[in-house]
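*Asks:* 3D model of this:
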Amino acid sequence: MMTPANDNSHSSSESNPVSESFTYWRESDGHFLGYLNAYPAHWTQGDDLEDLKDQLLDLYHEFSKDDLPGIRKVGELVVA
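*Replies:* Sure, this is the predicted structure:
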């Protein structure tokens, strides 16, 4: 389960779990490839599904930093 890198919105030290959707598939060589749906241009791989999830969690924490230039993000625009 993925959690935010730094959530100071609650007064207690407990953090609420947050989920982040991802897309993955298994290659013919047995490795798993995937990406966070919010960052589809940034793929990573793992030896198995759990390893891939670990790699994706690292990407999530890295991309959640506001000071990284050049990271494309997906947003939603409400049109009335």
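*Asks:* Provide the secondary structure category for the residue nearest the centre of the chain.
*Replies:* Closest to where the C-alpha atoms of the chain average out (Cα atoms, centre = their mean) is residue 60, at 3.5 Å. What DSSP: H, G, I helix; E, B strand; the rest coil gives for residue 60 is helix.
*Asks:* for it, give its distance to residue 28.
*Replies:* For residue 60, the distance to residue 28 (Cβ to Cβ, to the nearest Å) stands at 27 Å. Just so you know, the C-beta spots here come from the backbone N, C-alpha and C atoms, and that holds for glycine as well.
*Asks:* which parts of this protein are strands?
*Replies:* Per DSSP state E, the chain carries strands over the ranges 22-26, 32-36, 43-46.
*Asks:* which one, of these, ends up nearest to residue 68?
*Replies:* Judged by Cβ to Cβ, the one of those that comes nearest to residue 68 is strand 32-36, at 13.8 Å.
*Asks:* could you export the closest one as CSV, CA atoms only?
*Replies:* Extracted in CSV, the C-alpha atoms of strand 32-36 (Å, rounded to 0.1, in the frame of the first residue of the first chain):
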residue,chain,number,x,y,z
PHE,A,32,7.3,-7.4,-14.3
LEU,A,33,7.1,-4.0,-15.9
GLY,A,34,4.8,-1.2,-14.8
TYR,A,35,4.2,2.4,-14.1
LEU,A,36,2.1,4.6,-11.7
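*Asks:* where does pLDDT dip in this structure?
*Replies:* 1-14 (pLDDT under 70).
*Asks:* try 50
*Replies:* Counting by pLDDT under 50, the chain has low-confidence residues at 1-13.
*Asks:* before we move on, back to that, please work out which of the strands of the chain is packed deepest.
*Replies:* Ranked by mean neighbour count under mean count of other Cβ atoms under 10 Å, those are led by strand 32-36, which reaches a mean of 18.
*Asks:* now do that one: which elements does it pack against?
*Replies:* Secondary-structure packing of strand 32-36 (3 or more Cβ pairs under 8 Å, 6 or more residues apart in numbering; DSSP states H and E): strand 22-26, strand 43-46, helix 49-63.
*Asks:* can you redo those as CSV with distance to residue 69?
*Replies:* Shown next, in CSV, are the helices and strands packed on strand 32-36 (distance: least, Cβ to Cβ, whole Å):
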stretch, distance to residue 69
strand 22-26, 23
strand 43-46, 20
helix 49-63, 12
